[in-house]
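Q: sequence first, predicted model second:
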Amino acid sequence: MPNAFSSVAVFCGSRFGSRPAYLDAATAIGRGLAEAGIRLIYGGGNVGLMGAVADAALAAGGTVSGVIPHFLQSREVMHDGVQELTVTDSMHSRKQLMFAEAEAFLVLPGGLGTFDETFEIVTWRQLRLHDKPILIVDIEGWAATLIATIDRAIADGFADPSARALFEHVADVPAALARLEILGASPRPTRQGDPARL
């Protein structure tokens with residue numbers, strides 16, 4: 001498809017979570033990105049949902065680039081089957097590189113690390129350091145409280161109502177992949193800031 005995204009970053013858990021639907025979604029996302037010819041950018045581990053996303057993309061013939069900080073090499077167990085694996089010196093440099101390499105972001109179920117990545121990339125967009133799409137994929141309602149936290153910040157006057165437009169909330173994997181296709185076929189902004197300034 002013309003003007004399609006060439007690379008998408010996926011933020012997700014280093015654990016599988018408690019619901020089978022989470023693993024199903026991670027597998028479907030990896031496979032879907034590969035079938036669309038989109039390179040997967042992810043956290044570099046072979047454990048939990050992040051490992052499942054990478055394995056599914058590789059199994060479908062996709063290209064996968066992992067980014068992992070050195071101190072997580074053993075904890076998250078680096079994935080040695082991906083085409084490209086970069087080891088960074090910190091979590092912040094990991095996120096900087098994932099930002100630089102990706103043209104859009106998908107957020108799947110995850111824990112504190114996923115929340116950190118999500119809020120940082122949303123904040124960078126608020127600060128106009130980028131205008132790349134961010135899709136929160138709400139598998140079985142896992143993201144409801146995350147989004148409610150943002151809505152509460154808006155309601156309490158700590159964030160502008162425009163913050164709700166910094167990301168999109170989609171219900172499931174088919175909706176996320178369909179939205180990526182639409183966004184990828186649209187003209188994209190050329191503005192790109194430098195998160196290293198933060």
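A: Perfect, I can see it now. Given the structure is predicted, the values throughout are model-derived calculations rather than measurements.
Q: gap between V87 and L40?
A: In this structure, V87 and L40 are 18 Å apart, going by Cβ to Cβ, to the nearest Å. For the C-beta atoms, the positions are set from N, CA and C on the backbone; glycine is no exception.
Q: the strands in this protein, which residues?
A: Assignment of strands within the chain using DSSP state E yields the ranges 7-11, 39-42, 64-69, 84-88, 105-107, 134-137, 168-170.
Q: tabulate these (JSON lines), appending mean neighbour count.
A: Shown next, in JSON lines, are the strands of the chain (neighbours: other Cβ atoms under 10 Å):
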{"stretch": "strand 7-11", "mean neighbour count": "25"}
{"stretch": "strand 39-42", "mean neighbour count": "26"}
{"stretch": "strand 64-69", "mean neighbour count": "23"}
{"stretch": "strand 84-88", "mean neighbour count": "16"}
{"stretch": "strand 105-107", "mean neighbour count": "26"}
{"stretch": "strand 134-137", "mean neighbour count": "22"}
{"stretch": "strand 168-170", "mean neighbour count": "17"}
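Q: got the buried residues for stretch 107-114?
A: Under the neighbour-count criterion of 16 or more other Cβ atoms under 10 Å, stretch 107-114 has V107, L108, P109, G110, G113, T114 buried.
Q: chain center to that stretch: distance?
A: Computed by Cα atoms, centre = their mean, to the nearest Å, the separation of stretch 107-114 from the middle of its chain amounts to 9 Å.
Q: for it, give the mean pLDDT please.
A: Over the span of stretch 107-114, the pLDDT mean works out to 96.
Q: endpoints of it, how far apart?
A: In stretch 107-114, first residue to last residue: 8 Å (Cα to Cα, to the nearest Å).
Q: what does that stretch contact?
A: Applying Cβ atoms under 8 Å, 6 or more residues apart in numbering, the contact partners of stretch 107-114 are 10-15, 17, 22, 25-26, 29, 43, 49, 53, 117-118, 134-137, 139, 142-143, 167.
Q: out of those, name the ones that lie in helices.
A: By the criterion of DSSP state H, membership of the contacts of stretch 107-114 in helices covers Y22, A25, A26, I29, L49, V53, E117, T118.
Q: name all residues that make contact with the second one.
A: Residues touching A25, when contacts are defined by Cβ under 8 Å, 6+ apart, comprise L108, P109, V137, I139, D172, V173.
Q: V173 too?
A: By Cβ under 8 Å, 6+ apart, the residues touching V173 are A25, A28, I29, G32, V137, I139.
Q: right, and the fourth one touches R179 too?
A: No - under the criterion of Cβ atoms under 8 Å, G32 lies out of contact with R179, with a separation of 11.6 Å.
Q: got TSV for the strands of the chain, with distance to M98 too?
A: Formatted as TSV, these follow (distance: least, Cβ to Cβ, whole Å):
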stretch	distance to M98
strand 7-11	5
strand 39-42	5
strand 64-69	5
strand 84-88	9
strand 105-107	8
strand 134-137	12
strand 168-170	19
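Q: tell me which of these lies nearest to D151.
A: Of all these, it is strand 168-170 that lies closest to D151, at 10.8 Å by Cβ to Cβ.
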